[in-house]
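Student: build me a structure from this.
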Amino acid sequence: MGYRIRPLVAALAVAFSGVAFAQTGPQVMDTVSVTAKRETPLPNSAGAMNAVEVAGQRAYVSDTAQLLRDVPGVSLSTGGGVSSLPNIHGLADDRLRISVDGMDFIASCPNHMNPPLSYLNPNSVGKIKVYAGITPVSVGGDSIGGTIIAETLAPEFAAPGQGMLAKGEIGGYYRSNGDAFGVNAAATVATESFNISYTGGLAKADNYDAGGNFKTLSATGRVGHTLPLDEVGSSAYETRTHTLGFALKGGNHLLEAKLGFQQVPEQLYPNQRMDMLDNDQKRFNLHYLGQFDWGSLDARAYRETVDHFMDFGADKRFWYGNGAPPTGSGGSAGFDGLGNGFPCSPVGTSTCAAGMPMYSESKTTGFNLKADVVLNEQNFLRIGGLVQSYQLDDYWTASGGGMAPGTFQNINQGERDRTAVFGEWESRFNPQWMSLLGVRYERVASDAGNVHGYSTSAMAMGNQVIDATAFNAQSHERNDNNWDATALARYTANANYDIEFGFARKVRSPNLYERYTWSTWSMAAVMNNFVGDGNGYIGNINLEPEKAHTLSATFDWHAADHNWGFKATPYFTKVQDYIDAIRCTRSACKSMPTNATTTNQFVVLEYANQSARLYGLDLSGYMPLGKSVAGDFTLKGLLNYTNGKNEDTGDELYNIMPLNAKLVIGQKLSGWDNAVELVAVKGKDDGSDVRNEIKTPGYGLTNLRASYTWKRVRLDFGVENLFDKLYTLPQGGAYVGQGTTMATNAASMPWGIGVPGMGRSLYTGVNIKF
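Tutor: Numbering: from 1, shown residues only. The predicted model follows:
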């Protein structure tokens, strides 16, 4: 039978489908046909979602990462309103490979406020696929966790004889909690060989409210501005995303060009000391896909630029400086003893600082090439490679007080370049057995220039001169030669049961912030934090790459027609040279006498290689409950468990999601599609002691969802957190959303408060196609 080669947007990755696209309607050119016998490829992804499934979540999801919350093994670490960080089996952020339309974006921010999926509006998502655990080398690389592959909508072309194809849609939503609203639009005009398309969206929200009072202080650090005790400070956001695409089809060949632009005027962070006050991303992506007698060729070139700006948002203290107003702001306690900073002048003097401007500028250029070669009906070969160049400047301009008179160079002329090649062989050597073997070599070269602090005076506060001198005296260039390998097999016992099992070795080199941030000054260190725990972090230029070895298996029981199914996935991972944190041991940190021993304060840490192990179990299933005059009823369930430990210290790994489960009872009748969701999460009784991770109690939530679909109109409405439960997010980090956030520890920003989840929120949305 025929099979399809689909260009997954990860570098050089491909997946397959056995369903032919319709020839009588609009043609979606995301496939190229090759004649050969083909079964479901290895491995089955942990979860996949197409545009139709995404459309059902637009009314209550603005953050594309949130689309993955029902995927087995996936949880989400809290970020801004549209910038959650996916976590797969306890590994998150840069430990995952996350690809958007074949582009490997890199977070260009010391707080990782602009992760890859944040650049993708949910309404532009064509498909998302998640590989957890055993990842083929063709979709892996420079990661030790799973892979997330996201694609925008594929180009559509007019069917033969149809003439011109013109279509579009427009929609919007409103959510009561935070007064959140958004609009989205899409349009396509195409002939049989040419396509032009546009997708765009806007999302905006104010601070959200928790299900009850979770803090005891209302002061924000700004005179005359207070927050209710149930309002989650610094949780507002606004984002605008646009994608314009052109495509040309000729026979079995496709050429695409996509232009993307995103502007984020504001995305405040409840678990970071700074806020994103501007972020502009521009990207260009050129893609070729073609079929030849021997198989298919997939090539891509892309360019991305990011301009990122942070400072203190509306809920955090802006004015700093010792002394009484008007020449000073009142010192750390504020002019009123509540931590509120008084506006002072002249700005830029030793007693008057206006905020703390922080800038990040990056450029990424990449080239991907992959070939799928049909050796015979039972054997397929994938070969390919990539080249990526990444450049970063991260600097903080003077604002006054101790942050003057010059510019603080956090990372100067940072570079991180990747070159990779891989080979992968997939074979079906009898009707019951399939195998996948792959090897990948990747060279990661990183470097950075010399640095200086705000001041080069010997009297500069925060040890700036000593730290900069010590950093500059070292060689900054590092070259890592990384080898990945995957061995995977599937045994199909019968029409109702199969098992996939395998082993993977995966390697990740440190990112630029882990290697090249250099200052031990506690104020600077707390600004370098991409895990949201409120602590400060110092880089380590001598870090080794992380090396993970994973064993995993998936047991799949299902009906022959897939009317019901149940999966169980146990996994075990050991990581050599895991990049964890230790309490700062450098000489400058000895001036903070409690830093080494405190258990109830924010601390300063430095990155260090250690050993770690993770294990866990994912369970998922679905089944029909019955049919009646009230409709068709179904049941879906999900349970995840992960355990992570630092084997050198015996400490728990940070930000591990505790045992959690979800049940969904669905009902369909005519155009109605309704559901009741029940969520349960166990308390987090153990955490990372070195970070003073905040423990969180268990909780349960109830969500109600309903929708009705006509031919061209879809209406959604529902309630999230029906009973207005007050709960703390286990992966939400520390609440530092208001107060004197520049200080490591301040009375107006106490340690020990976790970021709460959102209280009850009613939502409604509508989408109209034309």
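Student: contacts and neighbour counts: CA atoms only from here.
Tutor: Will do.
Student: quick check, pLDDT for residue 534.
Tutor: Predicted confidence (pLDDT) at residue 534: the value is 97.
Student: tell me who's in contact with it.
Tutor: Contacts for residue 534 (CA atoms under 8 Å, 6 or more residues apart in numbering) come out as 271, 272, 273, 526, 602, 733, 734, 735, 736.
Student: now with 10 Å, please.
Tutor: When contacts are counted by CA atoms under 10 Å, 6 or more residues apart in numbering, residue 534 touches 271-273, 526-528, 601-604, 691-693, 733-736, 741, 744-745, 751.
Student: what does residue 491 give?
Tutor: Contacts of residue 491 were listed using CA under 10 Å, 6+ apart, and they are 430, 431, 432, 433, 434, 435, 497, 498, 499, 500, 501, 555.
Student: ok, what's across the strand from the fourth one?
Tutor: Translated: residue 433. Residue 433 has the following beta-bridge partners by DSSP bridges: residue 430, residue 491.
Student: list buried residues within the contacts of residue 491.
Tutor: Buried residues within those, defined by neighbour count using 16 or more other CA atoms under 10 Å: 434, 435, 497, 498, 499, 500, 501, 555.
Student: hmm, which two among those are most spread apart?
Tutor: The most widely separated members of the buried ones among the contacts of residue 491 are 435 and 497, with 16.9 Å between them, by CA to CA.
Student: rewinding a little: in strands only, show me the contacts of residue 534.
Tutor: Applying DSSP state E to the contacts of residue 534, the entries found in strands are residue 604.
Student: what's the ChimeraX line that selects buried ones from the contacts of residue 534?
Tutor: Buried residues within the contacts of residue 534, by 16+ other CA under 10 Å, are selected in ChimeraX with:
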select :271,272,273,526,527,528,601,602,603,604,691,692,693,733,734,735,736,741,744,745,751
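Student: can the contacts of residue 491 go into a markdown table with extra columns for distance to residue 615 and pLDDT?
Tutor: Output for these, formatted as a markdown table (distance: CA to CA, whole Å; pLDDT from 0 to 100):
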| residue | distance to residue 615 | pLDDT |
| --- | --- | --- |
| 430 | 32 | 91 |
| 431 | 32 | 90 |
| 432 | 29 | 95 |
| 433 | 27 | 96 |
| 434 | 26 | 96 |
| 435 | 24 | 97 |
| 497 | 24 | 96 |
| 498 | 22 | 95 |
| 499 | 19 | 96 |
| 500 | 17 | 96 |
| 501 | 15 | 96 |
| 555 | 16 | 96 |
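Student: that older thread, including secondary structure and distance to residue 172, could the buried ones among the contacts of residue 491 go into TSV?
Tutor: Listed next are the buried ones among the contacts of residue 491 as TSV, based on DSSP: H, G, I helix; E, B strand; the rest coil; distance: CA to CA, whole Å:
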residue	secondary structure	distance to residue 172
434	strand	46
435	strand	46
497	strand	43
498	strand	42
499	strand	43
500	strand	42
501	strand	43
555	strand	41
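Student: partners of the spatially most central residue of the chain in the sheet?
Tutor: Taking CA atoms, centre = their mean as the criterion, residue 85 is the residue nearest the geometric centre of the chain, at 3.4 Å. According to DSSP bridges, the residues that bridge with residue 85 are residue 77.
Student: what do you get for residue 239?
Tutor: According to DSSP bridges, the residues that bridge with residue 239 are residue 203.
Student: my guess is it meets residue 268, correct?
Tutor: No: using CA atoms under 10 Å, residue 239 and residue 268 do not qualify as a contacting pair, with a distance of 11.4 Å.
Student: these two: which has the busier surroundings?
Tutor: Counted by other CA atoms under 10 Å, residue 239 and residue 268 do not tie: residue 268 has more neighbours, with 31 against 24.
Student: ok, now which ones touch the more buried one?
Tutor: Contacts for residue 268 were tallied using CA under 10 Å, 6+ apart; they are 79-81, 113, 206-207, 233-238, 274-277, 310-316, 737.
Student: swap in residue 488?
Tutor: Residue 488 makes contact with 42-43, 134-136, 426, 434-438, 500-504, 551-553, according to CA under 10 Å, 6+ apart.
Student: export only the CA atoms of stretch 652-665, formatted as PDB.
Tutor: Listed in PDB are the C-alpha atoms of stretch 652-665, where the atom choice follows Å, rounded to 0.1, in the frame of the first residue of the first chain:
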ATOM      1  CA  GLU A 652      15.500  15.700  45.200                       C
ATOM      2  CA  LEU A 653      15.700  17.200  41.700                       C
ATOM      3  CA  TYR A 654      14.000  20.500  41.300                       C
ATOM      4  CA  ASN A 655      10.500  21.100  39.900                       C
ATOM      5  CA  ILE A 656       9.400  17.500  39.600                       C
ATOM      6  CA  MET A 657       5.700  17.200  39.200                       C
ATOM      7  CA  PRO A 658       4.100  15.000  41.900                       C
ATOM      8  CA  LEU A 659       1.700  12.100  41.200                       C
ATOM      9  CA  ASN A 660      -1.200  13.500  39.200                       C
ATOM     10  CA  ALA A 661      -4.200  12.100  37.400                       C
ATOM     11  CA  LYS A 662      -7.000  13.300  35.200                       C
ATOM     12  CA  LEU A 663     -10.400  11.800  34.200                       C
ATOM     13  CA  VAL A 664     -12.600  13.200  31.400                       C
ATOM     14  CA  ILE A 665     -16.200  12.100  30.900                       C
END
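Student: ok, of the buried ones among the contacts of residue 491, which one's closest to residue 454?
Tutor: For those, with residue 454 as the reference and CA to CA as the criterion, the closest is residue 501, at 54.0 Å.
Student: quick check: bridge partners of that closest one?
Tutor: Here residue 501 shows beta-bridge partners residue 489, residue 553, assigned using DSSP bridges.
Student: what are the phi and psi values at residue 109?
Tutor: The main-chain torsion angles of residue 109 are listed as degrees, to the nearest 10 and equal phi -170, psi 140.
Student: any idea how far residue 412 is from it?
Tutor: Between residue 109 and residue 412 the computed distance is 13 Å (CA to CA, to the nearest Å).
Student: got it, and residue 747?
Tutor: Taking CA to CA as the measure, residue 747 falls 34 Å from residue 412.
Student: among these two, which residue is more densely surrounded?
Tutor: Neighbour tally, residue 747 and residue 412, criterion other CA under 10 Å: the higher count belongs to residue 412, 20 against 15.
Student: confirm that that one sits in a helix.
Tutor: No: under the criterion used here (DSSP: H, G, I helix; E, B strand; the rest coil), residue 412 is strand, not part of a helix.
Student: tell me the pLDDT at the residue nearest to the centre of the chain?
Tutor: Looking at residue 85, its pLDDT is 96.
Student: my reading is that residue 707 lies in a helix. Confirm?
Tutor: No: the assignment for residue 707 (three-state DSSP) gives strand, which keeps it out of a helix.
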